[in-house]
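[1] Here is the input, now give the coordinates:
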Amino acid sequence: MIKTTFQKTTNQKETVNLYRNIIQTSKDGFWLVSKKGKLLDVNKVYAGMSGYGRDELLKMSIFQLESKETYNETAHHIKKVIQIGSDCFESEHKRKDGNIIHVKVNTTYLPERDIFVTFIKNITNKKQAEDKKKERTLFLDKIIENSAISLWISDEKGTAIRTNPACLKFFGATEEEVIGRYNLFKDVEIEKKGYMPVIKDVFEKGKVAEIEMDYNFAAVDHVRVARATHKIIRSIFTPILDNHGKVTNVIVQTVDLTEITRTKDTLKKTAHELNKRVKELNCLYNMSKIVETIDIALEEMFQATVDLIPSAWQYPEIACARIIFRQQEYKNDQFIETEWRQAQEIIVSGEGSGVVEVYYKDKKPEIDEGPFYKEERHLINAIAERLGRIIERKQAEDERGRLLAEKEMLLKEVHHRIKNNMSTVMGMLSLQADIRQKSGASNILLAARNRLMSMMQLYDKLYRSDNFTSMSLKKFLTPLVREIVSIFPFSSSVKTNIHIENIQLDIKKCSILGIIFNELITNSIKYAFTGRDSGTITVSASEHQNIITLKIEDDGIGLPETVTFENAKEFGMQLVNMLVKQLEGSIRIKRIHGTQVIIKFEK
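    Predicted coordinates:
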């Protein structure tokens, strides 16, 4: 257009005015350049762009401004434009301050005037943005390649177009085996597990999806992978959308859950066994509480027992119980007889006098004795046995002294049985902790073992005591503190100072205090002496005006100010806070030369 304008304009004044109007209104830089490269005219835009004044530029040639091309290259470029008439290209110009700007040059040669009309557009910002984009792309490439997480990318049709080394190692494949070959929609494992609709939603609706499955890569028949793996995996599918919301790629990240799943299964089995032991303990303990009720009638005891029994069985929601004694029936609500029955005869003075029965209302899988566990057989035997003995004792009520002695003996036996059961559970926990020593499960199992230990200490003292309602804090807590400390491998380097008054306290509160002391002392040993070879733990218990004050302190590194019992996230601290509330007491933390926990409650 410029060329045509100059060719057709015959009036010199009109030509000059048109030329001036073009260069002054242009948003781009403007040059008039001679055949030898000398600048004949420039506009203000280019002057601002280059940092030179207009007068300075008119004394210069384009060779002085050009930064990308050499003198000879620029001269050759001029000849080329003369031959072809015009050219458009990108280059670099040097500003007066020495900085380089990126420019787009559009030049036209006018042979009738033997000059070049040139427009220059500053594209520095654009080039910098492109460079940053390239840097980001390179950065993301490095992240993908060096990531320890298995990652691969598909195209819009689900075909693998890129993988990182971690992915190839994870699935036991090579790039040649999967790139351009593996396709999500042809994966028979995903189809078989029922996840194909989820995958389709990722591609069709742009939804992020997560699936967890037992994945055998060797079973995927549309690719041949020589060393394909078989793992339990969790994969996250993240769609990449274009400006129109269409999925162009999907990023797939995968982690191995095989070991975690095995650990969970082991913990689940252990928890199941522990749950059965706890149910048995609760049943026996609650039976002991029933027996402790002064002058309870046999009828009341039988009814309380049948109401208690279902909760101790594996499926309490469908369990019901009945006791038949001397033609009298005692059963819980909604009792029905079914084919799934477990029973044990009640023996009184060597003769069968009744029966304890447990029924399931619905069918359950066969286990040890029909749908019942062998431990439940032991439990119903123990219940029937104890009922028989209680009945015998009740029948001898005229011998009050003998009855009282027998009752105390029964309680001791129950406490001893609970203690022994707890010891068995502690052994199981210790064994599991040794097996899981390298995982987080070890700490959880050891913490559970310590909590049971504090309860076992209490029942041991009850077993050896003539008083079943209260206990000396000094006799209970002193050995308990030493036992808790001795459990840890570095216990020899931990000094304990124990100052506990001889306070007689209710058994229930003693049990609560045992768990609290276990949690706080364990916490001190595990965390207070980090980075040190030794430390001191001091515990005390005192009574003043019917108020019990307990202090557990260490000279360790101290708790952070942000940690309190009210906002605690750790289970141990939450448990302590809950137990203190059961005591209707208060708890606070002092942070002076370590950590001191102070608990107060009414005796």
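
[2] where does the stretch 251-400 of the chain dip in pLDDT?
    Along the stretch 251-400 of the chain, the model assigns pLDDT under 70 to residues 271-272, 274-276, 291-292, 294, 397-400.

[3] And the helices in it?
    Along the stretch 251-400 of the chain, counting by DSSP state H, counting those that start in this stretch, helices occupy 258-292, 298-308, 374-395, 400-435.

[4] What strand or helix carries residue 77?
    Residue 77 is part of helix 71-84 when elements are defined by DSSP states H and E.

[5] now swap in residue 213 and tell me
    Taking DSSP H and E as the criterion, residue 213 maps to strand 209-216.

[6] ok, and what's touching that strand?
    Here strand 209-216 makes contact (Cβ atoms under 8 Å, 6 or more residues apart in numbering) with 189-190, 193, 195, 198-199, 201-202, 228, 230-237, 257. In this view, the C-beta of every residue, glycine as well, is placed from N, C-alpha and C.

[7] Out of those, list just those in helices.
    Among the contacts of strand 209-216, the ones falling in helices (DSSP state H) are 189-190, 198-199, 201-202.

[8] Now which of those residues would you call buried?
    189-190, 199, 202 (16 or more other Cβ atoms under 10 Å).

[9] Out of those residues, which comes closest to residue 104?
    Comparing those against residue 104 with Cβ to Cβ places residue 202 closest, at 41.1 Å.

[10] show me the contacts for that closest one.
    So residue 202 contacts 208-209, 237, 239, 247, 250 (Cβ under 8 Å, 6+ apart).

[11] Please spell out the ChimeraX selection for the buried subset of those.
    Entered in ChimeraX, the line below selects the buried ones among those, by 16+ other Cβ under 10 Å:
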select :209,237,239,247,250
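
[12] want to throw the contacts of residue 202 into CSV with distance to residue 107 and pLDDT?
    What follows is the contacts of residue 202, written out as CSV (distance: Cβ to Cβ, whole Å; pLDDT from 0 to 100):
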residue, distance to residue 107, pLDDT
208, 51, 95
209, 55, 95
237, 52, 96
239, 46, 95
247, 44, 94
250, 47, 94
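
[13] so what strands line up beside the strand holding residue 213?
    The strands beside strand 209-216 in its sheet (DSSP bridges) come out as strand 230-241 (antiparallel).

[14] Just grab the bridge partners of the closest residue to residue 559 other than its chain neighbours for me.
    Among residues not flanking residue 559 along the chain, residue 595 sits closest, at 5.0 Å (Cβ to Cβ, 6 or more residues apart in numbering). Beta bridges link residue 595 to residue 554, judged by DSSP bridges.

[15] I'd assumed residue 554 was in contact with residue 595.
    Yes: if you go by Cβ atoms under 8 Å, residue 595 and residue 554 touch, sitting 5.8 Å apart.

[16] what touches both of those two?
    With Cβ under 8 Å, 6+ apart as the test, residue 595 and residue 554 both reach 524, 528.

[17] of the two, who's got more company?
    Between residue 595 and residue 554, counted using other Cβ atoms under 10 Å, the more crowded position is residue 554 (25 against 22).

[18] from what I can see the more buried one touches residue 535, true?
    Yes: assessed by Cβ under 8 Å, residue 554 is found in contact with residue 535 at 6.1 Å.

[19] Find residues that contact each of these two.
    524, 528-529.

[20] low pLDDT regions in the stretch 401-550 of the chain?
    Scanning the stretch 401-550 of the chain for pLDDT under 70 picks out 401-468.

[21] if we go to 90?
    In the predicted model of the stretch 401-550 of the chain, residues 401-472, 475-476, 479-480, 482-493, 506-508, 510-512, 514-515, 518-519, 522-523, 525-534 satisfy pLDDT under 90.

[22] Show the residue spans covered by the strands in it.
    Ranges of strands within the stretch 401-550 of the chain are 470-472, 494-500, 504-506, 535-544, 547-554, based on DSSP state E, counting those that start in this stretch.

[23] out of these, nearest to residue 312?
    For residue 312, the closest of the strands of the stretch 401-550 of the chain is strand 504-506, at 26.0 Å, according to Cβ to Cβ.

[24] hang on, the earlier thing: name the residues of the helix holding residue 77 that are buried.
    For helix 71-84, by 16+ other Cβ under 10 Å, it's 74, 77-78, 81.

[25] Likewise for stretch 481-492?
    Neighbour counts using 16+ other Cβ under 10 Å place 481, 483-485, 487-488 of stretch 481-492 among the buried residues.

[26] quick one: which of those is nearest to residue 50?
    residue 488 (76.1 Å).

[27] In this structure the closest one contacts residue 525, no?
    Yes: counting by Cβ under 8 Å, residue 488 does reach residue 525; the two are 5.2 Å apart.

[28] Quickly list what's touching both of the two.
    Residues touching both residue 488 and residue 525 by Cβ under 8 Å, 6+ apart: residue 494.

[29] burial of residue 395, as a residue count?
    Neighbours of residue 395 using other Cβ under 10 Å come to 13.

[30] which residues does it contact?
    With contact set as Cβ under 8 Å, 6+ apart, residue 395 has these partners: 348-349.
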